[in-house]
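[1] this is a predicted model, with the sequence first.
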Protein chains: 2
Amino acid sequence: MISISDQSDFSIHNIPFGIFSTADRSKRAGCAIGHQIIDLQVLADKIDLGFDRQVLSAETLNNFIGLGKQVTSHLRARIQAWLRDDASVLYAQEGIFVEQSDAQMHMPVHVGDYTDFYSSIEHATNVGKMFRDPANALLPNWRHLPVGYHGRASSIVVSGAPLHRPCGQLMPKGADQPIYGPTGRLDFELEMAFIIGKENGLGNPISVNDAEDYIFGMVIFNDWSARDIQKWEYVPLGPFLGKNFGSSISPWIVTMEALDHFRVSGPTQQPAVLDYLSSSGDRNYDISLEVGIQPHGSEEAVVCRSNFKYMYWNMCQQLAHHTVNGCNVRIGDMLASGTISGKDESSYGSMLELSWAGSKSLPMTDGTERKFIHDGDTVKMRAFAQKDGRRVGFGEVSTQILPHK
Amino acid sequence: MISISDQSDFSIHNIPFGIFSTADRSKRAGCAIGHQIIDLQVLADKIDLGFDRQVLSAETLNNFIGLGKQVTSHLRARIQAWLRDDASVLYAQEGIFVEQSDAQMHMPVHVGDYTDFYSSIEHATNVGKMFRDPANALLPNWRHLPVGYHGRASSIVVSGAPLHRPCGQLMPKGADQPIYGPTGRLDFELEMAFIIGKENGLGNPISVNDAEDYIFGMVIFNDWSARDIQKWEYVPLGPFLGKNFGSSISPWIVTMEALDHFRVSGPTQQPAVLDYLSSSGDRNYDISLEVGIQPHGSEEAVVCRSNFKYMYWNMCQQLAHHTVNGCNVRIGDMLASGTISGKDESSYGSMLELSWAGSKSLPMTDGTERKFIHDGDTVKMRAFAQKDGRRVGFGEVSTQILPHK
């Protein structure tokens, strides 16, 4: 039977889904377990899984997810049972297990539309204090609705894919004409994103109480941001080139079933929200988050420790709001949380906040300092839930920044 | 030989591409000619077109467009030659021509990402006057870059598909708490959109001078807007639910080759733009636009006559700006102009401007008046270019508004 370290993100309680390939296996679906992957295409060759196994040989998980939770949850439960059974198909056959170190991970889904929220009250307050009025940091709408906007789906990449420092139009401080050049304020944003597993169809709002049925699972989401480009462009229609040069995600989709054990209540919402946003029960999740910066040729320094449980607006509220006007969501759509900051300074989820708009520096392990991200730096984000001896983690999203072209 | 009315949008100079079906033909590619459609799947059965004919039997034109302009332009030129030749394959075979009245049109492309610009100086000035400072209507960035934002791809529908009046969160004038309800300020926005025909790949900007190679063709775009939802939600991250309940397009993609004859110079840009946005030559297009409102059971009243040539920022500048940071565009991506208003009040491209934020009413043919769009109204937008006896048109995008659910 497989042996899994207590500290593995990919315990038997997890069984996340992803798309991988190896030197001799084309892109296909797999589940992470410990330091290995269960090749679902090979598994389906050995045993009838009760659904069209073509969905496991596709380049993305969209069609598999589209089979519905009845199918995907059932498969996950069977794999858990088989892992515990020495005589099961998993151990009786060759070629089912692949070392993660031998595999390359790919985008797990085709993302039809990507939405980014702004749902951490600590983050929104910090940004409001820095750029607007410290006494009125939150805008009037913020406590009444989960503010969000549409982002770029095409430039979402998976962990491991490097990104070039973007160039663009900037307005230097005190200048009266903008210039063209590379961003001087390249930043990460620590976010989580959820992935749609069921479609509503145009014109059909999803109620806040039904929303969980539409959420398949989650990934870590690094919403790369060029603060100087963003600052000059974003009025009045929102972020555009300051964001759309790239976003990075962790490769394994952790299912909502795996996260169920880690539910917690969210912060009290004051004033009370409108009925269509009103939900009861524990809709937040206790997921520990951290961000490290690794300068080229040096060791990583952890610069942020936060938690997904801090979110003011939960995912069900986000999805109910997103569709209240009839907007349709499709399988594979990705909805990100917005930067997840906590109350403590060490829990701020972006360099913008950690360096307080560049007014202070963070020490690196090689003796250098950072206000924003340098060329050659690798930013790593990790996320895991742990309780009652049970660990369910996301692995990491790791992205190196290359010089501008 | 086929006879085509002088007033047809679909002259031999046009040959636009679309996806249609009939009672006995599944979805497939076609070209509009006069009041008929050339069934490209049937054509490919009769003659070797020199490329994989499967692309013509697909549900969208993406793979056909992906063959490149060398292929698509050549096919268009051959069709033009065949149409002029009584002995050609078009006339020698049965089943090639289908009446447009017997066909249903579908979305011509799968839209990976949809971007909306804000590139009419008259529109941006009108909005700035109404909502901000009449003396400083344009924001500081407006003349330096084509302001844009990401919109919703999933809810783009084709002409003929009705939309329900959206509900959402509104802040009534003078209230101190928002309410939930149907929008009271449903509006159209008269726009044109271009469709990407060539991919750049993440990290590779498209230069303003290369941009035309990446543009396959254009459609009319109605960017439906709920002004009261938008007003309350849009600070600081831009429009979201005020827009994403639906956008409507005309079904035929008019190629850039067909529009080449109608090039004109654009407005002088002052101050001069940065090098990466600087282009020479005639990059605007003289395309007449009009919008009609047809109350249920009554005749249409034309409420706006505008022209695409008014655009301050041209499509090449929009695409160069969009990708200057390395953002990747994919085949089928749709980039809309923003509302196209002219200088004259009768050329304003939205009810927001035509009714000047609801301060005046427009007469309908049935004796009623409109400040915004009523339930049962059908909004029709038409576009065509005409010069030297040559007419190239887009047909129309027609959308009825149904009551809220």
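    Arrived safely, thanks for sending.

[2] farthest residue from the center of chain A?
    residue A:176 (38.3 Å; Cα atoms, centre = their mean).

[3] help me confirm that that one is found in a helix?
    No - the assignment for residue A:176 (DSSP: H, G, I helix; E, B strand; the rest coil) gives coil, which keeps it out of a helix.

[4] for it, give its distance to residue A:91.
    71 Å (Cβ to Cβ, to the nearest Å). Backbone N, C-alpha and C define where each C-beta goes, glycine included.

[5] give me the contact list for the helix ranked longest in chain A.
    Among all segments of chain A classified by DSSP state H, the helix with the greatest residue count is helix A:69-83. Here helix A:69-83 makes contact (Cβ atoms under 8 Å, 6 or more residues apart in numbering or on different chains) with A:1-2, A:12-13, A:15, A:17, A:31, A:33, A:38, A:49-51, A:64-65, A:88-90, A:197-198, A:213, A:216, A:255, A:257-258.

[6] and if we set it to 7 Å?
    Contacts to helix A:69-83, defined as Cβ atoms under 7 Å, 6 or more residues apart in numbering or on different chains, come from residues A:2, A:12, A:15, A:31, A:33, A:38, A:49, A:51, A:64-65, A:88-90, A:197, A:255, A:257.

[7] which of those residues lies closest to chain B?
    Proximity of the contacts of helix A:69-83 to chain B (Cβ to the nearest Cβ) peaks at residue A:197, which lies at 15.1 Å.

[8] wait, what's in contact with the closest one?
    A:65, A:69, A:214-216, A:331.

[9] and what of residue A:198?
    By Cβ under 7 Å, 6+ apart, residue A:198 lies in contact with A:68, A:213-214.

[10] what pLDDT does it get?
    Looking at residue A:198, its pLDDT stands at 98.

[11] got a quick ChimeraX command for the buried subset of the contacts of helix A:69-83?
    Burial among those is assessed by 16 or more other Cβ atoms under 10 Å in any protein chain shown; the matching ChimeraX selection reads:
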select /A:12,15,31,33,38,49,51,64,65,88,90,197,255,257
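
[12] buried residues of the longest helix of chain A, list them for me.
    Buried residues in helix A:69-83, counted by 16+ other Cβ under 10 Å: A:69, A:71-72, A:75-76, A:78-80, A:82-83.

[13] which among these gets closest to residue B:300?
    Relative to residue B:300, the closest of the buried residues of helix A:69-83 is residue A:69; by Cβ to Cβ it sits at 47.4 Å.

[14] for the residue of the stretch 201-350 of chain A found nearest chain B, what are its contacts?
    Nearest residue of the stretch 201-350 of chain A to chain B (Cβ to the nearest Cβ) works out as residue A:238 at 2.3 Å. By Cβ under 7 Å, 6+ apart, the contact set of residue A:238 is A:149, B:149, B:237-238.

[15] quick check, residue A:65 in contact with residue A:331.
    Yes - contact criterion Cβ atoms under 7 Å: residue A:65 and residue A:331 qualify, at 5.4 Å.

[16] tabulate the CA atom coordinates of the longest helix of chain A in PDB.
    Provided in PDB are the C-alpha atoms of helix A:69-83 (Å, rounded to 0.1, in the frame of the first residue of the first chain):
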ATOM      1  CA  LYS A  69     -20.400  15.900  -9.000                       C
ATOM      2  CA  GLN A  70     -22.200  12.700  -8.800                       C
ATOM      3  CA  VAL A  71     -19.600  11.200 -11.200                       C
ATOM      4  CA  THR A  72     -16.500  13.100 -10.100                       C
ATOM      5  CA  SER A  73     -17.200  12.700  -6.300                       C
ATOM      6  CA  HIS A  74     -17.900   9.000  -6.800                       C
ATOM      7  CA  LEU A  75     -14.600   8.500  -8.700                       C
ATOM      8  CA  ARG A  76     -12.800  10.300  -5.900                       C
ATOM      9  CA  ALA A  77     -14.400   8.100  -3.200                       C
ATOM     10  CA  ARG A  78     -13.600   4.900  -5.100                       C
ATOM     11  CA  ILE A  79      -9.900   6.000  -5.500                       C
ATOM     12  CA  GLN A  80      -9.800   6.600  -1.700                       C
ATOM     13  CA  ALA A  81     -11.200   3.200  -1.100                       C
ATOM     14  CA  TRP A  82      -8.800   1.500  -3.600                       C
ATOM     15  CA  LEU A  83      -5.800   3.300  -2.000                       C
END
